[in-house]
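1. sharing a model that was predicted from the sequence below.
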There are 2 protein chains.
Amino acid sequence: MQNFEYCNKTKIIFGRGTENQAGSETTKYAKKILLHHSGGSTVKSGLIDRVKDSLKKAGVEWVELTGVLPNPRLSLVNKGIDIVKKEKLELILAVGGGSAIDSSKAIAAGAVNDGDVWDFFERKKTTDKALPVGTVLTIPAAGSESSISCVITNEEGPWKRGMNFPCLRPVFSILNPELTYTLPPYQTACGVADMLAHIMERYFTKEPHVELTDELCEGAMRTIIRNARKIFSGGEKDYDARAEIMWAGALAHNGLLDTGRIGDWGSHTLDHELSALFDLAHGAGLAIMFPAWIRYNIKEGTPRLARFAVKVWGVDGAYYDIEQAALEGVIRMENFFRSIGLPIRFADANIDPARIPEMAKRAVHFGPFGNYRKIDEQAAIAIYRLAAE
Amino acid sequence: MQNFEYCNKTKIIFGRGTENQAGSETTKYAKKILLHHSGGSTVKSGLIDRVKDSLKKAGVEWVELTGVLPNPRLSLVNKGIDIVKKEKLELILAVGGGSAIDSSKAIAAGAVNDGDVWDFFERKKTTDKALPVGTVLTIPAAGSESSISCVITNEEGPWKRGMNFPCLRPVFSILNPELTYTLPPYQTACGVADMLAHIMERYFTKEPHVELTDELCEGAMRTIIRNARKIFSGGEKDYDARAEIMWAGALAHNGLLDTGRIGDWGSHTLDHELSALFDLAHGAGLAIMFPAWIRYNIKEGTPRLARFAVKVWGVDGAYYDIEQAALEGVIRMENFFRSIGLPIRFADANIDPARIPEMAKRAVHFGPFGNYRKIDEQAAIAIYRLAAE
């Protein structure tokens, strides 16, 4: 087990009706805030009105910035930074999914640091200061509600890049599973793939002695898979299934599950090119890239991949042929993704295999990546080809 | 799943050599502190000298208060409160196990609240302020290093009572598994029983939909059991086994594992009388009381107890006779406790069954207790009798 530090200060407020606490939580940090959301489903559902009522009751003023899209854009972030500076706002309240939250985090960092906020994503500088961010989560997926991560798309490239700084952790996050009842099935499914991917990136490590976190990862993955099946078998409004998924999605990315381990994150880097070039939902891209990544690693990483197959996907653990067991695991994962309506190959998402060389070149922008097995441009091509088969 | 709030601000600094960071962490909060420890093994092992070196390098001054005993005493707490007030100390640094930490927490609360600190334990008042507490943990057991809990023994009763306030969570905790190599086997075993009990108290709930935390609890318990067996099979200095146990002990009691659930805590209350009247180590008392508590509940709580047997103790899960499966689980637990040198019946710990009526009367001091199944005086007698069989 590696030495580690772990501290997660996000206050989670979980359960029915909790969005009505947005005002009383916000007022602990700020009197005037940026209220940041899509302006679409957040309005139609009536959620934003409830949040505004709560802010009003707590005496909190707000400036509203709508228009957040999936794969949130740098141009809107810059607009938000200008507003926050001009209006002297003290907190960014994100209402929505990972896109609204990541957009809010980028605004929060950009508003109190000089220079171009994109420099953080280009790894030209780091920061330990940002305005406080609060969230009312509507899509369990990115785990951004208690993570240090933030991923933004710069339309000029297009480039999709992330930054990870502890100061970006929200000060509070409100999670009401009821808000997820009306999510379109495709968004629910993308969220499930995203949170499973967050756990898998941590799970696939070469660190040999990480039993506790192995167990926690496996338990969380089983929980997500079981409850996703419930939701996709008529359980759209099954509170408890939605609640398990929502809490698991936060834990998947809050830092606990990689304590003492070194994660991989290669599949995320590979997917970022799919999202950037084809504007594919992150979870859908991961449902394509993760099986390909596992297939690419199946000979080198057999023991852990076989354990994954046995513990998470219920493959027979008799170990007469562990490579076969590992392969059976990835097939079950693909079947699961298909069963909830996700793409698992390029063709399912209309991604043109002719662009593989370009995608691979872009993926190694910062050099070879991944920790479980280092991925250079040639390896990236090989994995993208497996995804195109 | 119940609504819940969860926020754990303790910074965990985990791994080899981390005690040398005590000074640099402390200086973020204080320039002059109370250094609180047993004065026994902390001195002999050289640990306290390394901590002092680290404090010196960081420019932190300290006043030392030694003499902490297992089942830490109120008289020493009151002495510590006087010193902290007189010397205007700003943080309590506990070096040791749960006793040193709990004693430090009580001092931290007593130093900044008027009146008698024992009133908190008698449930006469609550508090949301305490001095910051830091810890260098030497015994993985109580989980006090990142919990809101504090248990103190008032010698005058003797009464053993707890208080639970979020302000008691340490601001940082340093966990170096190497420091646990030299623990006497009995202390290692008591720690294992204590952390398993912390998880079981959360695990035995009547809340029907708590799948994620069920999985996390089960995974943590399996990890503790497997790694305890390693340590007790010649692995006293197996870093990774010690590390798994140490990290699991913190997670067992940091609040995560009971999110959305209502725990029981009846066995803890039953044990407090064993500890108070017979000065028995807390973990040893729990190794006696938990099997008795399970046996008492085996008919009413069969499905969950059977699941516990199957998932944690590897009992055949074919469910042809789930009461039998549940019973087989408790037998395996007893065998495990015995195998690591713990008592499982009153006779093993020289506890006089003649005092059962007195113990039961004391246990219901605050009224019937426990949530899985309410325990009144008669039920307490019945459970103590099962422990005496």
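-> Looks like it arrived, so ask away.
2. what about the longest helix in chain A?
-> Longest helix of chain A, by residue count under DSSP state H: helix A:211-231.
3. residues making contact with the helix or strand following that one?
-> Heading C-terminal from helix A:211-231, the first helix or strand you meet, by DSSP states H and E, is helix A:239-251. The contact list for helix A:239-251 (C-beta atoms under 8 Å, 6 or more residues apart in numbering or on different chains) reads A:12, A:14-16, A:137, A:140-143, A:145-146, A:173, A:175, A:177-178, A:180-181, A:191-192, A:194-195, A:220, A:223-224, A:226-228, A:230-231, A:235, A:257, B:1, B:208-209, B:211-212, B:259-260. (Each C-beta comes from the backbone N, C-alpha and C, glycine too.)
4. residue contacts, the nearest residue in space to A:Leu179 that is not next to it in sequence?
-> Spatial nearest neighbour of A:Leu179, chain neighbours left out: A:Thr138 (4.9 Å); criterion: C-beta to C-beta, 6 or more residues apart in numbering or on different chains. Applying C-beta under 8 Å, 6+ apart, we find A:Thr138 in contact with A:41-42, A:47, A:95-97, A:179-180, A:183.
5. tell me the SS of A:Cys150?
-> Using DSSP: H, G, I helix; E, B strand; the rest coil, the three-state assignment for A:Cys150 comes out as strand.
6. who does it bridge with?
-> Here A:Cys150 sits in beta bridges with A:Met163, going by DSSP bridges.
7. pretty sure it contacts A:Arg161?
-> No. A:Cys150 lies out of contact with A:Arg161 (C-beta atoms under 8 Å); the separation is 9.6 Å.
8. these two: which is more packed in?
-> A:Cys150 (29 against 20; other C-beta atoms under 10 Å in any protein chain shown).
9. please report how far the more buried one lies from chain B.
-> Applying C-beta to the nearest C-beta, to the nearest Å, the value for A:Cys150 to chain B is 21 Å.
10. with A:Ser173 instead?
-> 10 Å.
11. for the residue nearest to that residue when sequence neighbours are not counted, what are its contacts?
-> The spatially closest residue to A:Ser173, leaving aside those adjacent along the chain, is A:Glu145, at 3.9 Å (C-beta to C-beta, 6+ apart). Shown in contact with A:Glu145 (C-beta under 8 Å, 6+ apart): A:10, A:12, A:101, A:135, A:137, A:170, A:173, A:175, A:250.
12. Three-state assignment for the spatially most central residue of chain A, please.
-> Chain A has A:Ala142 as the residue nearest its centroid, 2.2 Å off, counting by C-alpha atoms, centre = their mean. Put simply, A:Ala142 is coil when judged by three-state DSSP.
13. let me see the backbone angles for it.
-> phi -70, psi -20 (degrees, to the nearest 10).
14. the one 4 residues further on now?
-> For A:Ser146, the backbone dihedrals (degrees, to the nearest 10) come out as phi -140, psi 30.
15. close to chain B: what parts of the stretch 101-250 of chain A are there?
-> Residues of the stretch 101-250 of chain A that fall close to chain B, judged by C-beta under 8 Å from any C-beta of the partner chain: A:208-209, A:211-212, A:215-216, A:218-220, A:222-223, A:226-227, A:239-240, A:243-244, A:247-248.
16. ok so, going back, packing partners for the longest helix of chain A?
-> Applying 3 or more C-beta pairs under 8 Å, 6 or more residues apart in numbering or on different chains; DSSP states H and E, one finds that helix A:211-231 contacts helix A:185-203, helix A:239-251, helix A:302-313, helix A:322-339, helix B:211-231, helix B:239-251.
17. now do the fifth one: distance to the chain's middle.
-> For helix B:211-231, the separation from the chain centroid amounts to 16 Å (computed by C-alpha atoms, centre = their mean, to the nearest Å).
18. any buried residues in that helix, and which?
-> B:211-225, B:227-228, B:230-231 (16 or more other C-beta atoms under 10 Å in any protein chain shown).
19. A:Lys57 against A:Gly23, yeah?
-> Yes. Counting by C-beta under 8 Å, A:Lys57 does reach A:Gly23; the two are 5.4 Å apart.
20. ok, the nearest residue to A:Ile375 once chain neighbours are set aside - contacts?
-> Excluding the flanking residues, the one nearest A:Ile375 by C-beta to C-beta, 6+ apart is A:Gly266, at 5.0 Å. Counting by C-beta under 8 Å, 6+ apart, A:Gly266 touches A:293, A:369-373, A:375.
21. how far away is A:Leu342 from chain B?
-> Distance of A:Leu342 to chain B, computed by C-beta to the nearest C-beta: 22 Å.
22. ok, that residue touching A:Gly191?
-> No. Contact between A:Leu342 and A:Gly191 fails when scored by C-beta under 8 Å: they sit 10.6 Å apart.
23. looking only at neighbour counts, state which of the two leads.
-> Set A:Leu342 next to A:Gly191 and count neighbours by other C-beta under 10 Å: A:Gly191 wins out with 27 against 23.
24. that one contacts A:Gly143, correct?
-> No. The pair A:Gly191 / A:Gly143 is not scored as a contact, 9.7 Å apart, by C-beta under 8 Å.
25. which residues sit against the lengthiest strand in chain A?
-> When chain A is parsed with DSSP state E, its longest strand is strand A:4-14. Contact with strand A:4-14 is made by A:21, A:25, A:145-146, A:166, A:169-176, A:243, A:246-247, A:250, A:254-256, A:259-260, B:3-15, B:259-260, as judged by C-beta under 8 Å, 6+ apart.
26. restricting to C-alpha, output that strand in PDB.
-> In PDB, the C-alpha atoms belonging to strand A:4-14 read as follows (Å, rounded to 0.1, in the frame of the first residue of the first chain):
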ATOM      1  CA  PHE A   4      -1.400   8.700   1.100                       C
ATOM      2  CA  GLU A   5      -3.200  11.700   2.400                       C
ATOM      3  CA  TYR A   6      -7.000  11.800   2.400                       C
ATOM      4  CA  CYS A   7      -9.400  14.600   3.400                       C
ATOM      5  CA  ASN A   8     -12.800  15.300   1.900                       C
ATOM      6  CA  LYS A   9     -14.500  18.300   3.300                       C
ATOM      7  CA  THR A  10     -17.600  18.300   1.100                       C
ATOM      8  CA  LYS A  11     -20.800  18.200   3.300                       C
ATOM      9  CA  ILE A  12     -23.200  15.800   1.700                       C
ATOM     10  CA  ILE A  13     -26.900  16.500   2.300                       C
ATOM     11  CA  PHE A  14     -28.700  13.400   1.100                       C
END
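27. quick one, that strand and helix B:239-251 angle?
-> Strand A:4-14 runs at 30 degrees relative to helix B:239-251, counting by axes from the mean of the first three to the mean of the last three C-alpha atoms, to 10 degrees.
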